[in-house]
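[1] fold the following and give me the result.
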Amino acid sequence: MSDLLFDKPVFAKANHHLVREIACVGDAIDFLEEWPEGDRDVIFDMTWKACCDAHNGFKPASAAQNAIEGFARKRGILEKPEHVLPILAGKTSNSGQISA
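    Have a look, this model is predicted:
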């Protein structure tokens with residue numbers, strides 16, 4: 001299963017208040033299964049195929065990662081990791097100290 005993990009997670013908005021972390025091929029397939037049927041198009045189909053091919057061992061996990069990242073970018077729902085998890089950017093507002 002570890003060979004289906006992405007090198008780094010993809011973060012995509014699921015709605016106005018929720019950002020999903022897509023860390024492996026299974027997460028990508030789950031995300032796509034929840035995508036509204038009326039909004040599925042050729043880009044969705046290509047992304048779905050890349051993810052299923054990776055799941056079935058025909059493509060590397062990186063192909064699914066690139067596909068889901070491109071899908072999210074094209075849909076305008078891709079989030080940068082540093083916006084989701086500011087600690088990844090190495091910035092803290094007060095070095096972890098509690099303000100008085």
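[2] make it CA atoms for all contacts and neighbour counts henceforth
    Fine.
[3] now the helices for this structure?
    Counting by DSSP state H, one finds helices in the chain at the ranges 25-33, 42-55, 61-75, 81-84.
[4] could I get the ones you listed as TSV with mean neighbour count, distance to Leu18 and mean pLDDT?
    Output for those, formatted as TSV (neighbours: other C-alpha atoms under 10 Å; distance: least, C-alpha to C-alpha, whole Å; pLDDT from 0 to 100):
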stretch	mean neighbour count	distance to Leu18	mean pLDDT
helix 25-33	18	13	98
helix 42-55	19	21	98
helix 61-75	20	14	98
helix 81-84	14	10	80
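[5] of all the ones you listed, which one comes closest to Val19?
    helix 81-84 (7.7 Å; C-alpha to C-alpha).
[6] sheet-wise, list the partners of the longest strand along the chain with their directions.
    Looking across the chain with DSSP state E, the single longest strand is strand 5-13. Here strand 5-13 is paired, per DSSP bridges, with strand 19-24 (antiparallel), strand 78-79 (antiparallel).
[7] distance from the chain centre to the first one, please.
    Put plainly, it is strand 19-24. Strand 19-24 has its C-alpha centroid displaced from the chain centroid by 4 Å (C-alpha atoms, centre = their mean, to the nearest Å).
[8] the shortest one too?
    Here the centre of strand 78-79 is set off from its chain's centre by 8 Å, with C-alpha atoms, centre = their mean.
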